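Trainee: one predicted model, sequence on top.
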Amino acid sequence: MESSKTNSLAVLIAARNEADVIAATIGSLREAFPGAVLWVADDASDDGTADAAMAAGAKVVSRGKPHGKGGNMTACAEAMLSDPGRDGEGPPDCVLLCDGDLGASAGHLAPLVDAVEAGECDLAVAMFAKRVGGGFGFALGFSAWVIRRRCGAEPQAPISGQRAMKLDVLRRVLPFAPAYGMETGMTIDAVRAGYRLGEYEIDLAHKATGKSIKGFIHRFRQLLDFARVWWARRGGRGPDGKRPVESVAGSRPGATG
Ligand SMILES: Nc1nc2c(ncn2[C@@H]2O[C@H](COP(=O)(O)OP(=O)(O)OP(=O)(O)O)[C@@H](O)[C@H]2O)c(=O)[nH]1
Ligand SMILES: [Mg+2]
């Protein structure tokens, strides 16, 4: 599946210890978005993720010590924004954020970019068509609650890392909230600034932790990160003092599969 317009796109991929799958993720993104510049935010991985990503042709923003997903993706976005580009043309018009553990399914993300390019919405977020792993939904539900309380939007995929937006939106939501709070914080900041949220069901897979001890620890950490977002965005309605707007949740025909 190819996006109709791929010559002005940067893809920012979050990866921590994803050496086994990062090349597949990069390969499928390159096929889906042939003209895009691919960036990997590698957060001090110790399994060779950075080398594997570079070998697969991505630009890598690596940190000497872990900074968490939001901090590392912020550094990666800033590196992309200040990059002169292949022919000195500067940053692209559109950016796609995604997780490094999607493997071949990362190639299904074109409908997000198409939705933003077509002006259907300003922040296009992927909903997993099939639920993969996860726990009892507390972390997911808490993120949704934080977003509803802080900006009025009611997303179905509040913590999905797969998101497309134009550069004005990206600039508005930077820096990302720390660690796993980045998606929750980004949604609140975008909606408060008056941007329209769209959600699109897409057939995706990822390496999920599921109902294991590791999984529950992971989701407890996420809960703490979401609580930090809730606290950091108390009071006020965003940089413009604008009223929250209703989200526009939509489903794009042909987005699945
Ligand atoms: N750069 C960076 N990426 C991270 C960090 N933590 C996780 N990631 C990446 O962010 C993506 C999402 O993280 P996951 O741990 O898979 O989180 P999840 O998908 O919500 O949870 P699971 O259901 O356990 O898979 C993956 O591609 C990770 O490699 C981090 O500290 N820094
Ligand atoms: Mg995952």
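Mentor: Yep, that arrived. Here the structure is a predicted model, which means the values were calculated and not measured. Ligands and ions are numbered 1, 2, ... in the order given.
Trainee: going by C-alpha atoms from here, please, whenever you check contacts or count neighbours.
Mentor: Will do.
Trainee: grab the nearest non-local neighbour of the residue positioned nearest the centre of the chain.
Mentor: The residue lying closest to the centre of the chain (C-alpha atoms, centre = their mean) is residue 161, at 3.3 Å. Spatial nearest neighbour of residue 161, excluding adjacent residues (C-alpha to C-alpha, 6 or more residues apart in numbering): residue 98 at 5.3 Å.
Trainee: so the one you found belongs to a helix, correct?
Mentor: No - the assignment for residue 98 (DSSP: H, G, I helix; E, B strand; the rest coil) gives strand, which keeps it out of a helix.
Trainee: quick revisit: relative to residue 86, how far out is the residue nearest to the centre of the chain?
Mentor: Remark: distance between residue 161 and residue 86 (C-alpha to C-alpha, to the nearest Å) = 27 Å.
Trainee: next, count neighbours for residue 89.
Mentor: If you count neighbours by other C-alpha atoms under 10 Å, residue 89 ends up with 10.
Trainee: oh sorry, the question was meant for residue 194
Mentor: 18.
Trainee: and for residue 222?
Mentor: Counted by other C-alpha under 10 Å, the residues lying close to residue 222 total 20.
Trainee: tell me where the chain has helices.
Mentor: All helices of the chain, identified by DSSP state H, fall at 22-32, 49-55, 68-81, 110-117, 138-151, 167-173, 182-192, 213-232.
Trainee: figure out which of those helices is closest to residue 41.
Mentor: helix 68-81 (5.6 Å; C-alpha to C-alpha).
Trainee: now the closest one: buried residues?
Mentor: Judged by neighbour count (16 or more other C-alpha atoms under 10 Å), helix 68-81 contains these buried residues: 68-77, 79-81.
Trainee: need the residues of the stretch 151-257 of the chain near ligand 1, please.
Mentor: Contact residues, the stretch 151-257 of the chain versus ligand 1 (C-alpha under 6 Å from any ligand atom): 207-209, 215.
Trainee: got TSV for these, with pLDDT and neighbour count too?
Mentor: Compiled in TSV, those are given as follows (pLDDT from 0 to 100; neighbours: other C-alpha atoms under 10 Å):
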residue	pLDDT	neighbour count
207	78	13
208	72	14
209	74	17
215	81	16
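Trainee: pick the one among those closest to residue 17.
Mentor: Out of these, the member with the shortest distance to residue 17 (by C-alpha to C-alpha) is residue 207, at 11.5 Å.
Trainee: quick one: contacts for the residue of the chain most remote from its centre?
Mentor: Most distant residue from the mean C-alpha position of the chain: residue 87, 26.6 Å away (C-alpha atoms, centre = their mean). By C-alpha atoms under 8 Å, 6 or more residues apart in numbering, no residues touch residue 87.
Trainee: returning to that earlier point: can you tell me which of the buried residues of helix 68-81 are up against ligand 1?
Mentor: 68-69, 72-73.
Trainee: redo these as a markdown table? Include distance to residue 157 and pLDDT.
Mentor: Formatted as a markdown table, these follow (distance: C-alpha to C-alpha, whole Å; pLDDT from 0 to 100):
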| residue | distance to residue 157 | pLDDT |
| --- | --- | --- |
| 68 | 21 | 95 |
| 69 | 18 | 97 |
| 72 | 22 | 96 |
| 73 | 19 | 97 |
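Trainee: distance check, the residue nearest to the centre of the chain against residue 185.
Mentor: Distance of residue 161 to residue 185, given as C-alpha to C-alpha: 12 Å.
Trainee: ok, now residue 45?
Mentor: Residue 45 is 24 Å from residue 185, by C-alpha to C-alpha.
Trainee: the more surrounded of those two?
Mentor: residue 185 (30 against 18).
Trainee: right, and that one touches residue 176 too?
Mentor: Yes - using C-alpha atoms under 8 Å, residue 185 is in contact with residue 176, at 6.9 Å.
Trainee: list the residues that contact residue 222.
Mentor: Taking C-alpha under 8 Å, 6+ apart as the test, what residue 222 contacts is 139, 180-181.
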